[in-house]
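Participant: sequence isn't available, so here's the structure alone:
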């Protein structure tokens, strides 16, 4: 679950000697989008996805701000406004 005081989660990749792995924020973002948040829309070929938190109704966007990295880089999850969701996704509540 996302705490009400949270507005942004940004993942990082960690070097593991044999490659890279996601930090705890990456794992938490994955858990949230796969088991808690409700997907509403996608854009940019799936590189940006809009979600709604069923508990408090806030809108969240998962993106990959370091998209130039292999595999799109680590994910980020940011709270967005309805106005932003309309502009980017054409979302109507």
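Facilitator: Everything's here; your move. None of these values were measured; they are calculated from a predicted model.

Participant: run a quick neighbour tally on residue 15.
Facilitator: Residues near residue 15, counting by other Cβ atoms under 10 Å, number 8. Bear in mind the C-beta positions are built from the backbone N, C-alpha and C, glycine included.

Participant: could you give the bridge partners of it?
Facilitator: As for beta bridges, residue 15 partners with residue 20 under DSSP bridges.

Participant: quick check: the gap between it and residue 49.
Facilitator: Relative to residue 49, residue 15 is positioned 27 Å away (Cβ to Cβ, to the nearest Å).

Participant: kindly report the same for residue 39.
Facilitator: Applying Cβ to Cβ, the value for residue 39 to residue 49 is 6 Å.

Participant: same thing with residue 22?
Facilitator: Taking Cβ to Cβ, one finds residue 22 at 17 Å from residue 49.

Participant: who's more crowded, those two?
Facilitator: Of the pair residue 22 and residue 49, residue 49 is the one with more neighbours under other Cβ under 10 Å, namely 20 against 16.

Participant: surely the more buried one meets residue 34?
Facilitator: No: taking Cβ atoms under 8 Å as the definition, residue 49 is not a contact partner of residue 34, at 11.6 Å.
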